[in-house]
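Visitor: Quick one, what's the 3D model for this:
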Amino acid sequence: MKSLSSEFQAHLDSGSTTLCHCWRLQRPDGAVAGFTEHDRDLVFDNIVYEAAAGFTTSSVGSSNGLAVDNLDVVGALESSHLTDADLAAGFYDNADIEIWRVNWQDTQQRVLLRKGNLGEVQRSNQGFSAEVRGLSHRLNQSTGRLFQYACDADLADARCGKELILGIFAASGSITAIRENRILTVSGLTAFDDGWFSRGLCTFTSGANQGEVMEVKSHTRRAGDVVIELWNAPTQSVELGGGLSVKAGCDKQLDTCRQKFSNVERFRGFPHMPGNDFALSYARRGAANDGGKLI
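Guide: Model prediction:
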């Protein structure tokens, strides 16, 4: 049930309205941006809602149960705050979003229509579309810890506690060759065994992608060259001679924790938990050396 001010209600009842939509986005890193479909910028709650972004929305559906309410937001990449590079880098993944209906002649007259999170974002050359998921989508997500064989901590986080010592579990290098903008031949890593950085993290330390962190798909040595293959290409073109740093990879298994990191006392999985074979097994009679009788 929406609660409207008497002034806003009177405006709606007048039969001649001056209404528009405004969107407030808050990224996971805390940065806030506002956008509106109106032809000039609007301001309320100390946020400037930018008019140049070209935002529009699909129709909004609601349900009485716990089903997730969805709609789509479509926008042009013309905003100084919302860029293709930021979308590609994932800065707006799962961002909080508020959708307001506002009287643009008096922004104090407004009502919050929807609140949720951005879902899948699809990009094109000139614009983007994003799914907006209602708050009930959180009920479909697992919370708390899961009992599983693999460790559920991230390498070097507070629960893992492993220090990634430079020269042993971390290293820096420079890019000497590039293929497909994600397969990089790197100098400075010849001292490490094949696969040491597979499943690890690569951070660009210079160039247009500086600060961007990518997951390493594989780390191999080919004819004396060290090759780092990333799962995805970075946002911008990788530059020859650019710098990067890499961290050792962890496959979350007990043997890896013991043999590679010597950190088994802080392993956060349950490797001795009975599996499906044990749960589905049943009692069987066995032979014993007791006069040929079965027990």
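Visitor: Which residues are in contact with residue 36?
Guide: By Cβ atoms under 8 Å, 6 or more residues apart in numbering, the residues touching residue 36 are 20, 21, 22, 23, 42, 49, 50, 51, 53, 55, 102, 104. To be clear about C-beta, it is placed using only N, CA and C from the backbone, and glycine gets the same treatment.
Visitor: separation between it and residue 22?
Guide: 5 Å (Cβ to Cβ, to the nearest Å).
Visitor: Which neighbours do the two have in common?
Guide: With Cβ under 8 Å, 6+ apart, residue 36 and residue 22 have common neighbours 42, 49, 102.
Visitor: List the contacts of the second one.
Guide: If a contact means Cβ under 8 Å, 6+ apart, then residue 49 has 22, 23, 24, 34, 35, 36, 38, 41, 42, 43 as its contacts.
Visitor: just checking, residue 206 touches residue 245?
Guide: No. Using Cβ atoms under 8 Å, residue 206 is not in contact with residue 245; the gap is 10.5 Å.
Visitor: got the contact list for stretch 2-20?
Guide: With Cβ under 8 Å, 6+ apart, stretch 2-20 has contacts from 36-38, 42, 101-106, 108-112.
Visitor: meant to ask about stretch 83-98
Guide: 23-29, 31, 73, 77, 82, 112, 114-119, 121, 123, 128, 130, 132, 212, 235-236.
Visitor: same check, this time on stretch 224-243
Guide: Here stretch 224-243 has contacts from 85, 88-89, 172-178, 180-187, 189-190, 192, 197, 202, 204-209, 212, 214-221, 244, 246, using Cβ under 8 Å, 6+ apart.
Visitor: what about the helices in the protein?
Guide: For the chain, the helices defined by DSSP state H cover 6-13, 84-88, 254-259, 276-279.
Visitor: Just put the ones you listed in CSV and tack on distance to residue 143.
Guide: Putting those into CSV (distance: least, Cβ to Cβ, whole Å) gives the following:
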stretch, distance to residue 143
helix 6-13, 37
helix 84-88, 27
helix 254-259, 25
helix 276-279, 24
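Visitor: Lowest average pLDDT across these?
Guide: Per-stretch mean pLDDT for those is lowest at helix 84-88 (a mean of 72).
Visitor: Buried ones in that one, by neighbour count?
Guide: 86, 87, 88 (16 or more other Cβ atoms under 10 Å).
Visitor: Check the gap between the first one and residue 231 for me.
Guide: Read that as residue 86. For residue 86, the distance to residue 231 - Cβ to Cβ - is 20 Å.
Visitor: Any idea which residue is closest to the centre of this structure?
Guide: residue 93 (5.4 Å; Cα atoms, centre = their mean).
Visitor: For residue 36, see how far away it is.
Guide: Taken as Cβ to Cβ, the span from residue 93 to residue 36 is 23 Å.
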